[in-house]
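**Student:** okay, here's the prediction I keep looking at, along with the sequence it came from:
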Amino acid sequence: MISINEAIQLVKNTSKPLLKSTIKPVGKSGGYLLFEDVISPINMPPFRQSAMDGYALNLHDNLTYNLIGEVKAGDGNQPVLKKGEAIRIFTGAPVPDTANAIMMQEKVKDDGNTITIEHQINIEHNIRPMGEQVKKGNVALKKNTKLTPAAIGYLTSLGITEVSVYKKPQIALITTGNELIEAGQSVTYGKIYESNATMLQNALYSLKFYDITIHKVEDNYEKTKSKLKSVITENDLVIVTGGISVGDYDFVGKALNELQVEEVFYKVKQKPGKPLFFGKKDNTLIFALPGNPAAALTCFYIYVYIALQNMMGRNVNELPRIKAKSISNFEKKGDRPQFLKAIYKGEQVEILEGQNSSMLQTFALSNALVFADEDITNIKIGDTIETILLPV
């Protein structure tokens, strides 16, 4: 059994970027990382552009100009201005080649046929030069840039419709247990509704991982081994829930061993989630999580989350940890470090009742986990405690 810090470090060291690419429409590429530099196909802006509503001028020594027309955004006309002439112009409109400055409208007196400006201005004032943001043929966004809404808007403004991005991992979720039935069926004595697959699938969806298949396996060794063999071959990441402990009908560990999955670690000194397995075979990572739902979700956020971020090549690979003041008293039992379901709000954190590893009701209310290390026996109101913020 290893420590939490050792387990986290092993996950970080073992999980690597996939280095596979795929082509995505720009509008559906949010959250991905660019696989290669994006080269701008145009100048942006593609023409000299007005930075504001006002008057485009062909400068001369006088403050008065003859008004000869107007240009608004989207116009394709190119008026020719002689020295001492001006046109009405609007934000985003193309600036004629013969105009060399723009005076904002608040500093202009318009008499109909002539205008008078308050003071002289410098050449190119209030004109966005062609290619100010990026020039045609230059790098618009570098490889490994995360595609945020702003980045997507920027690429769209350049007329780019597709980008090469790092492929997200293909993921298999496997649930084990003869006692499990699907929601919607009639529950009979000895049966419970399976929740781990749907829970973890939606945890993955919330992190924008969508290439997921779900598999259910009975407590049967040969069927467990056969299913594991196929999903390990076909996926980048395999997440198993249940069957990893040491009971007579827990076959996952035995099957992984026979399939020659390299064990990176098994069992972590923590609560919940002690019987956690992490391994790899070739380029596929395998997590076998405890079957208890709250334990499975805790292990997902503390360990699987890191692997997912590393597989995507992201620099920040752990959930944020902050210090918060407790508004609860809590007595920790045993010597194992614990992850406690909690609600964080306004620099304060409330440790909730119902910390049992099988209970999801409390987790459903939580937006954080309080980490109580092994040297902590009691948490009192006012104590400053380490708090892990969960994705919302």
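**Tutor:** Arrived safely. Residues are numbered from 1 along each chain as shown.
**Student:** can you give me the helices in this structure?
**Tutor:** Counting by DSSP state H, the chain has helices at residues 4-14, 149-157, 196-206, 221-234, 252-258, 293-299, 305-311, 361-365.
**Student:** below-threshold pLDDT in this structure: ranges please.
**Tutor:** Judged by pLDDT under 70, the chain has its weakly predicted residues at 177-195, 245-249.
**Student:** contacts for stretch 211-218?
**Tutor:** With contacts defined as CB atoms under 8 Å, 6 or more residues apart in numbering, stretch 211-218 is touched by 168-178, 180, 194, 197, 201, 204-205, 223-224, 227, 231, 235, 243. Where you see a C-beta, it was placed from the backbone N, CA and C, and this is true even at glycine.
**Student:** now mean neighbour count and distance to Glu124 too, for the helices of the chain, in TSV please.
**Tutor:** Supplementary listing: the helices of the chain in TSV, determined by neighbours: other CB atoms under 10 Å; distance: least, CB to CB, whole Å:
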stretch	mean neighbour count	distance to Glu124
helix 4-14	16	51
helix 149-157	15	22
helix 196-206	18	48
helix 221-234	17	59
helix 252-258	19	68
helix 293-299	26	58
helix 305-311	22	45
helix 361-365	14	58
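**Student:** just send those back as TSV, with distance to Ile212 too.
**Tutor:** Rendered in TSV, the data for the helices of the chain read as follows (distance: least, CB to CB, whole Å):
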stretch	distance to Ile212
helix 4-14	20
helix 149-157	23
helix 196-206	6
helix 221-234	11
helix 252-258	19
helix 293-299	15
helix 305-311	12
helix 361-365	21
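**Student:** who wins for proximity to Tyr32 among those?
**Tutor:** Proximity to Tyr32 (CB to CB) singles out helix 149-157 among those, at 9.9 Å.
**Student:** can you name the residues in contact with that closest one?
**Tutor:** Val26, Gly27, Ser29, Gly30, Val38, Met44, Gln133, Ala140, Leu141, Thr145, Leu147, Val163.
**Student:** check contacts around the residue nearest to Asn257 when sequence neighbours are not counted.
**Tutor:** Nearest residue to Asn257 in three dimensions, chain neighbours excluded: Glu263, at 7.7 Å (CB to CB, 6 or more residues apart in numbering). Applying CB under 8 Å, 6+ apart, one finds that Glu263 lies in contact with Leu256, Asn257, Phe277, Phe278, Gly279.
**Student:** ok so, going back, please identify which of the helices of the chain is closest to Ile123.
**Tutor:** Distance to Ile123, taken as CB to CB, is lowest for helix 149-157 among those, at 27.0 Å.
**Student:** any idea how far the spatially closest residue to Gly131 that is not a sequence neighbour is from Glu85?
**Tutor:** Computed as CB to CB, 6+ apart, the closest residue to Gly131 that is not its neighbour in sequence is Asn43, at 3.9 Å. From Asn43 across to Glu85, the span is 27 Å (CB to CB, to the nearest Å).
**Student:** filter the contacts of helix 149-157 down to the buried ones, PyMOL style.
**Tutor:** To isolate in PyMOL the members of these that are buried, counting by 16 or more other CB atoms under 10 Å, one can use:
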select buried, resi 26+29+38+44+140+141+145+147+163
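**Student:** turn the contacts of helix 149-157 into a markdown table, columns for distance to Ile327.
**Tutor:** Converted to a markdown table, the contacts of helix 149-157 look like this (distance: CB to CB, whole Å):
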| residue | distance to Ile327 |
| --- | --- |
| Val26 | 45 |
| Gly27 | 44 |
| Ser29 | 42 |
| Gly30 | 36 |
| Val38 | 48 |
| Met44 | 51 |
| Gln133 | 48 |
| Ala140 | 48 |
| Leu141 | 44 |
| Thr145 | 41 |
| Leu147 | 39 |
| Val163 | 46 |
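**Student:** show me what the residue nearest to Asn257 is bridged to.
**Tutor:** Gly279 (DSSP bridges).
**Student:** all further residue positions should be reported with the first residue as 55.
**Tutor:** Shifting the count to begin at 55 puts that one at Glu317.
**Student:** good, wrapping up.
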